[in-house]
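J.: quick one, fold the following:
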Amino acid sequence: MSASGMGRRRGPRRALTEDEILDAALSLLDDGGPDAASVRGIAARVGVAPNAVYTYFPDKAAVIKALVQRLLGGVDHDVFADRSRPWRERVEALAMELRSHLSAHPGAVSLMVGGPLDGPNALALNERLLQLFADAGLDSTDAARASYLLIVYVFGSIALEVADAHRPGPLPPESERIATRQAAFSATSADGFPRSAEAAATMAAYISTEQYRWGLHRILEPRRPRRRTGHGGRTAHRSGFLGPVAPPCRPCCRRARNSHREVGRRRVGRRVRQWARGDRPAGGCGALCRSFVILSEGSLRIARPLSSWC
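T.: Okay, here's the model as predicted:
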């Protein structure tokens with residue numbers, strides 16, 4: 001073999017692993033955003049030809065899918081696995097862990113919400129959530145819906161927070177981002193958008209940890225009944241999306257309402273008989289009117305106009 005041939009001999013092929021490819025892809029995402037993580041760019045980052053990457057992954061989509069699973073696998077499940085803690089604390093701990101973990105890699109967030117979360121680590125996370133909501137007393141259907149609701153809130157909030165940065169790379173400190181938003185919202189015209197101008201400070205903090213916790217608590221707060229003034233004195237219910245459902249009206253409640261109606265009926269009957277005998281009760285028409293008010297509060301219809309009795 002000639003000396004020139006000896007000089008052209010290639011060295012040993014560089015060993016490559018899937019982890020190295022994913023490390024390079026994540027590094028490119030962190031530095032330049034989703035567009036920077038091309039197969040050619042990944043190959044250049046690890047020092048191989050693009051064909052070497054295709055040996056492990058058929059295309060860029062496969063690289064991204066594997067990277068998403070790796071990020072989800074890095075979530076600390078211990079923060080919400082302790083079943084001795086109240087379930088709402090465990091859900092909040094998970095939501096905060098996800099926000100912290102994903103915000104550290106903002107370039108990957110849009111890729112995570114841009115495709116199905118159906119890999120093994122995504123399913124393991126969902127399984128934990130289903131168990132957690134089952135511990136809260138939800139049946140399998142409501143637990144699945146609650147799990148989906150939480151995932152939508154967490155990933156949606158993080159995606160909007162990352163999109164607000166308008167640039168690739170690590171997110172600036174939260175206080176700096178809020179100050180930038182505050183400066184933008186302060187220019188809102190109070191004449192054209194008075195409510196937005198008034199809420200400028202709150203809107204500027206939409207990306208804050210405080211706002212994230214606020215929304216999370218609204219989702220997780222228990223359902224509580226609340227009286228509202230309306231026709232028939234019906235009861236409205238204000239509730240979070242999760243929590244025990246207010247119990248339906250029981251037979252004892254119906255008996256109490258019927259008893260109230262019977263008292264009103266007897267009182268009106270007594271007043272009417274007194275007027276029929278010409279024995280006007282103390283208070284005159286006012287006493288009879290008050291009796292009709294009591295009767296109407298018992299949800300009974302008055303067959304004759306009130307004025308016909310006076």
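J.: so which residues make contact with the one helix or strand I178 maps to?
T.: If you go by DSSP states H and E, I178 is part of helix 174-185. Contacts with helix 174-185, where a contact means C-beta atoms under 8 Å, 6 or more residues apart in numbering, come from 164-165, 171, 196, 200-201, 203-209. Quick note: C-beta positions are derived from backbone N, CA and C, even for glycine.
J.: cutoff 10 Å now
T.: For helix 174-185, the external contacting residues (C-beta atoms under 10 Å, 6 or more residues apart in numbering) are 103, 161, 164-166, 171-173, 196-197, 199-211.
J.: buried set for whichever helix or strand comes after it?
T.: Following helix 174-185 in sequence order, the next helix or strand is helix 194-198 (DSSP H and E). Across helix 194-198, burial judged by 16 or more other C-beta atoms under 10 Å covers A197.
J.: same thing with stretch 38-49?
T.: Residues of stretch 38-49 classed as buried by neighbour count (16+ other C-beta under 10 Å): 38-39, 41-43, 45-46, 48.
J.: equivalent analysis for stretch 158-174, please.
T.: 158-159, 161-162, 168, 171.
J.: flag the least confident of those.
T.: For the buried residues of stretch 158-174, the model is least confident at P168; its pLDDT is 79.
J.: just the element for it, please.
T.: Per DSSP H and E, there is no helix or strand for P168.
J.: list the contacts for it?
T.: P168 neighbours (C-beta under 10 Å, 6+ apart): 28-36, 106-107, 162.
J.: give me the buried entries from these.
T.: Buried members of those, scored by 16+ other C-beta under 10 Å, are 28-30, 33-34, 36, 106-107, 162.
J.: for the stretch 51-200 of the chain, give me the ranges with low pLDDT.
T.: Within the stretch 51-200 of the chain, no stretch falls below the threshold (pLDDT under 70).
J.: what segments of it are helices?
T.: 60-73, 87-103, 106-113, 120-135, 140-163, 174-185, 194-198, 200-204 (DSSP state H, counting those that start in this stretch).
J.: of the ones you listed, which is nearest A52?
T.: Comparing the helices of the stretch 51-200 of the chain against A52 with C-beta to C-beta, the closest turns out to be helix 60-73 (12.7 Å).
J.: in that closest one, which residues are buried?
T.: For helix 60-73, burial by neighbour count (16+ other C-beta under 10 Å) applies to 60, 63-72.
J.: still on that earlier bit, and the helix holding I178 with helix 87-103, angle?
T.: For helix 174-185 against helix 87-103, the angle by axes from the mean of the first three to the mean of the last three C-alpha atoms, to 10 degrees is 80 degrees.
J.: list the buried residues in helix 174-185.
T.: Buried residues in helix 174-185 (16+ other C-beta under 10 Å): 177-178, 180-181, 185.
J.: ok, now stretch 203-219?
T.: In terms of neighbour count (16+ other C-beta under 10 Å), stretch 203-219 has its buried residues at 203-208, 211-212, 216, 219.
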